[in-house]
Every structure is written in C-alpha cells, then in structure tokens.
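# Okay, here's the prediction I keep looking at, along with the sequence it came from:
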Amino acid sequence: AQKITQTQPGMFVQEKEAVTLDCTYDTSDPSYGLFWYKQPSSGEMIFLIYQGSYDQQNATEGRYSLNFQKARKSANLVISASQLGDSAMYFCAMREGDESNDYKLSFGAGTTVTVRA
Amino acid sequence: DSGVTQTPKHLITATGQRVTLRCSPRSGDLSVYWYQQSLDQGLQFLIQYYNGEERAKGNILERFSAQQFPDLHSELNLSSLELGDSALYFCASSVEGTGALVTDTQYFGPGTRLTVL
C-alpha cells in the first residue's frame, strides 16, 4: 500500500500568492516524522521542513508551514508569498520510527508547482 | 549546498557495463542512504549504511552493491547494467539513522544521473 499520497500532479500559482500542497500518509507506527523536499529543475533535493508525530504545534520555516492534521493523517505544505524561484517539484516523505526496522524515507509521487509572474 | 557531495554528476555507459558512484556525507554524519529516482518508479530507497555497517536494505537489485568506508564515504556499485537502470541516483546522509530518532533529517547530495545506452 502507498505510504505517502500526493494527489496533485501539478499546480499553478500567481507570484506573491499562497499555495497548499496536499499530502496524506498511512502508518500504524505511533512515532513517525514527515518531511517535505523541493526538487528544482536542476535536480537536487532540498530539505524544507519537518513535522514529528508527537509535535503539538505545526512546523514553520520561513515562508513554509506545515498544516498537520494527525487524525486525518494529512501533512499539507503551505508556501506563502510565492516567488518565481519556488517553481519546482515538491515531495512529501515519511520516516517511521520505533516499530520499523528500516530507516528509509518513503516518498510520494510529487507535485509540480509553477509560479506565474 | 547540503554538504553532501556525489561524483560523478553525469555518467553515460553501455549495457552490461559496471559503474561506481561515490558519495561523501556531511561532516559528522554517520549514516549514508542511497536512493534511485526514475520516471516509472519515483524515488526508491536502496540501502543504508551506518558507521561502516549495512543497516537497512530496500529495493536494491542483486546486481547492485554498496559499502561505506572507514572515512564514512560510500560507494554504490552497479553491474551488468540494463537500460532500465538509467535513473538519478541520490546519496543522502544523516547524523544517526537509528529507528527511534525520527527527527533525523536526511540531507541529499546533488545526485548522479546515469544513462545506460
């Protein structure tokens, strides 16, 4: 079964507006971490933000914030005040904790964001 | 710049050949992870090493092998290459890589783009 689901293959957003990227996850492990990465056209994977399953507050990092709804198993990324440089593929990933014997990140299929001037 | 280095950046080779991809983790990181990104399979975890020892294995083919050396750099060896092995291969590193530490963020290198002709 898919552990991470990103249902939006592509999105367009106007410069200076906010955009929300959806991510739902599936795990029975009570301890897990959720990560978002950005992959520009140049190919590198850039870490953006992290949310732990026990964190009480939503994570924020500059213009990035994570809307974490544990009961719904969703961890949506919000990019505020979009910039042209935000155009990229965005991946949601999960690492499971105590009950997992491996340490891998499981990735979603990604969402392509295109920022329009 | 994540601090993770990978060489070479690009590699073009023929079917049946063998190649070695090299990765140097961030200073202080003990874990190295290898991932394969292809159009049809997305981002897939291959293998993890922690302080020189294999820690976890993912969907790694028998034709592929890896190792981590005493200076913590890692090599991924791909042999009997097939057209389907063409992909972007990422190395990532993290401080710990133990199951209980779900906050352990993986930082990715720039990747090696392998083309098998």
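Sure, I can see it.

# Now do the same contact list for the residue nearest the centre of chain B.
In chain B, the residue lying closest to the centroid (Cα atoms, centre = their mean) is residue B:34, at 2.6 Å. By Cβ atoms under 8 Å, 6 or more residues apart in numbering or on different chains, residue B:34 lies in contact with B:23, B:45-48, B:60, B:66, B:74, B:76, B:89-92. All C-beta spots, glycine's among them, are computed from the backbone N, C-alpha and C.

# need these in a markdown table with pLDDT and distance to residue A:5, can you?
A markdown table is the format used below for the contacts of residue B:34 (pLDDT from 0 to 100; distance: Cβ to Cβ, whole Å):
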| residue | pLDDT | distance to residue A:5 |
| --- | --- | --- |
| B:23 | 98 | 29 |
| B:45 | 94 | 17 |
| B:46 | 96 | 22 |
| B:47 | 95 | 25 |
| B:48 | 93 | 24 |
| B:60 | 93 | 24 |
| B:66 | 97 | 29 |
| B:74 | 98 | 31 |
| B:76 | 98 | 29 |
| B:89 | 98 | 25 |
| B:90 | 98 | 21 |
| B:91 | 98 | 26 |
| B:92 | 97 | 22 |
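
# Can you tell me which residues in chain A are near chain B?
Residues of chain A that fall close to chain B, judged by Cβ under 8 Å from any Cβ of the partner chain: A:31-33, A:35, A:37, A:43-47, A:50, A:52-53, A:91, A:93, A:95-98, A:100-110.

# Which ChimeraX command selects the buried ones in those?
ChimeraX command restricting the residues of chain A next to chain B to the buried ones, with burial defined by 16 or more other Cβ atoms under 10 Å in any protein chain shown:
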select /A:31,32,33,35,37,44,45,47,50,53,91,93,95,96,97,100,103,104,105,106,107,108,109,110
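
# In strands only, show me the residues of chain A next to chain B.
Judged by DSSP state E, strands contain the following of the residues of chain A next to chain B: A:32-33, A:35, A:37, A:46-47, A:50, A:52, A:91, A:93, A:95-96, A:106-107.

# just these: which has the poorest pLDDT?
The lowest pLDDT within those belongs to residue A:96, which sits at 85.

# partners of that residue in the sheet?
Judged by DSSP bridges, the bridge partners of residue A:96 are residue A:32.

# From residue B:7, how far off is it?
Distance, residue A:96 to residue B:7, using Cβ to Cβ, to the nearest Å: 31 Å.

# contacting residues around the closest residue in space to residue A:72 that isn't next to it in sequence?
Distances taken as Cβ to Cβ, 6 or more residues apart in numbering or on different chains place residue A:24 nearest to residue A:72, at 7.5 Å, with adjacent residues excluded. By Cβ under 8 Å, 6+ apart, the contact list for residue A:24 reads A:4, A:5, A:7, A:72, A:73, A:74, A:75.
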